[in-house]
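Novice: Below are the sequence and a predicted model; questions follow.
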Amino acid sequence: MSVKEKKVPPKLNKYMHARNPYRTPPSFKKLASVYPEFRPYCSYDVGGKVHLDFKDPKALRALTTCLLHQDFDLKVTIPDDRLVPMLPLRLNYLLWIEDLLMHAAHCETSDVIVGVDIGTGASCVYPLLAARKLGWNLVATETDNINFTAATTNVNNNDLQDNIIVKKVDDKTVLQGVLDDADIQKQMYLKKKEVNDNNDDDDDDDDDDDEVMSELNNTPSDTPCKHTDGDDNKSMKYMFDFTMCNPPFFSSEEETDSMKKSKKQRGEPISSPTGCIHEKVTTGGEVTFITQMVEESHKFKSKKRVVIIISGTTLIYKAELWSGVI
Ligand SMILES: C[S@@+](CC[C@H](N)C(=O)[O-])C[C@H]1O[C@@H](n2cnc3c(N)ncnc32)[C@H](O)[C@@H]1O
């Protein structure tokens, strides 16, 4: 009789960034002792070891929200049927961006970093972590009403309104209407300027400010920012340092049901999928979404340095689409 080989999920640690605190797995025992809301989802073996049912979305939600509070002092609420982010992976993504900004875009640690998170979800997880852990500023976009409201509440509940702008957007565009939003540009410009002014007492700056503000008030959507040209200060050269996105993955509800893609390529998932249908499905699937983002990105290449997109599919993009993006 042939014994069916059980697919073992890849060890998460193998893919964990060197600076990711979750290279050391969190102690469920400690979490259960501090957070009563986490306890109902724990079971104990004879040795007293605490186990969690990763197939139960409620257990996953409790794990994520308790870890966000314990490890990052973030109070986050995620509505019942919405996507629950897995923190080790989300942190990995941010740490990779940090590496790219430092090593590819040559940012300094003192620079004010401004990024854009496309499709932030109800948790607003990337902007909250980026603001709290790395001190960055984020524009977070969302098409879904419930996610937009939840993300806004999560930002407000953590007093991070100065660092994070949540913007409700139309699902027909990805970057258009965001990177060229004059109010957002003004807020982010002033943020960068404030820190620069503290480092540099130049009287001519006031005149420069007036010129830039007038330019922002009058710039058509696809015109490159004039003030970025010839500016010697690297941190002021780009309005946005990066755009990031974890796009909806599937092209139809049937595809989510089968989960064929992910099982074939990565083995059985460790945890059960969470989230509602429009968080996971987009017309044409992630390939169409990413292609649109790359095309819009090219149009705004003078406004940002680095574009990063999570993809579940192996894609070969035409090199010319990317040229000039970084
Ligand atoms: C896979 S979820 C990612 C959520 C969150 N960023 C995370 O990683 O946990 C994709 C999100 O993108 C949103 N979305 C879909 N199309 C969008 C668009 N054109 N612009 C902004 N958000 C979009 C969905 O509502 C959903 O919340």
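Specialist: Arrived safely.
Novice: Show me the strands in the stretch 101-250 of the chain, by range?
Specialist: Using DSSP state E, counting those that start in this stretch, the strands found in the stretch 101-250 of the chain span residues 114-118, 137-142, 164-168, 240-245.
Novice: Export those to a markdown table and append columns for mean pLDDT.
Specialist: Supplementary listing: these in a markdown table, determined by pLDDT from 0 to 100:
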| stretch | mean pLDDT |
| --- | --- |
| strand 114-118 | 94 |
| strand 137-142 | 97 |
| strand 164-168 | 97 |
| strand 240-245 | 89 |
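Novice: Which single residue in the stretch 101-250 of the chain comes nearest to the ligand?
Specialist: Going by Cβ to the nearest ligand atom, the ligand is nearest to residue 119 of the stretch 101-250 of the chain, at 2.2 Å. Yep, even glycine has a C-beta here, placed from its N, CA and C like the rest.
Novice: contacting residues for that residue?
Specialist: The contact partners of residue 119, by Cβ atoms under 8 Å, 6 or more residues apart in numbering, come to 141-143, 245-248.
Novice: and the ligand, which of the residues you listed reach it?
Specialist: With respect to the ligand, and counting by Cβ under 6 Å from any ligand atom, the subset of the contacts of residue 119 in contact is 141-143, 246, 248.
Novice: Residue 116 reaches residue 241, doesn't it?
Specialist: No: with contact taken as Cβ atoms under 8 Å, residue 116 and residue 241 are classed as non-touching, separated by 9.2 Å.
Novice: Who has more neighbours out of these two?
Specialist: Neighbours were tallied for residue 116 and for residue 241 using other Cβ atoms under 10 Å; the higher tally belongs to residue 116 (29 against 25).
Novice: Show me what that one is bridged to.
Specialist: Using DSSP bridges, the beta-bridge partners of residue 116 come out as residue 139, residue 243.
Novice: Can you name the residues of the protein sitting close to the ligand?
Specialist: By the criterion of Cβ under 6 Å from any ligand atom, the positions of the chain lying close to the ligand are 83, 85, 118-121, 123, 125-126, 141-144, 147, 169, 171, 174, 246, 248, 278-279, 282.
Novice: Low-confidence stretches in the stretch 101-250 of the chain?
Specialist: For the stretch 101-250 of the chain, the stretches with pLDDT under 70 are 199-237.
Novice: Contacts for stretch 27-47, please.
Specialist: 48-53, 56, 58-59, 62-63, 65-67, 69-70.
Novice: Quick one: end-to-end length of that stretch, please.
Specialist: 15 Å (Cα to Cα, to the nearest Å).
Novice: Please apply the same query to stretch 80-88.
Specialist: Stretch 80-88 stretches 21 Å from its first residue to its last (Cα to Cα).
Novice: Excluding its own residues, what touches it? List them.
Specialist: When contacts are taken as Cβ under 8 Å, 6+ apart, the neighbours of stretch 80-88 outside the stretch itself are 12, 16, 20, 22, 57, 60-61, 64, 67-68, 71, 78, 121-123, 125, 129, 146-147, 150, 271, 274-276, 279-280.
Novice: Mind doing that once more with 6 Å?
Specialist: 22, 60-61, 64, 67, 78, 121-123, 125, 274-276, 279 (Cβ atoms under 6 Å, 6 or more residues apart in numbering).
Novice: circling back: out of the residues of the chain next to the ligand, which end up buried?
Specialist: Judged by neighbour count, with 16 or more other Cβ atoms under 10 Å as the criterion, the buried members of these are 83, 85, 118-121, 123, 125-126, 141-144, 147, 169, 174, 246, 248, 279, 282.
Novice: which ones among those are found in helices?
Specialist: Assigned to helices by DSSP state H, the following of those qualify: 125-126, 147, 279.
Novice: Now compare the residues you listed and name the two farthest from each other.
Specialist: When these are compared pair by pair using Cβ to Cβ, the two farthest from each other are 126 and 279, 14.3 Å apart.
Novice: sorry, back to before: dump the strands of the stretch 101-250 of the chain into TSV; add distance to residue 155 as well.
Specialist: Shown next, in TSV, are the strands of the stretch 101-250 of the chain (distance: least, Cβ to Cβ, whole Å):
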stretch	distance to residue 155
strand 114-118	12
strand 137-142	8
strand 164-168	5
strand 240-245	17
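Novice: on that earlier part again, closest to residue 109 out of the ones in helices among the buried ones among the residues of the chain next to the ligand?
Specialist: The shortest distance between residue 109 and any of those, using Cβ to Cβ, involves residue 126 and amounts to 19.9 Å.
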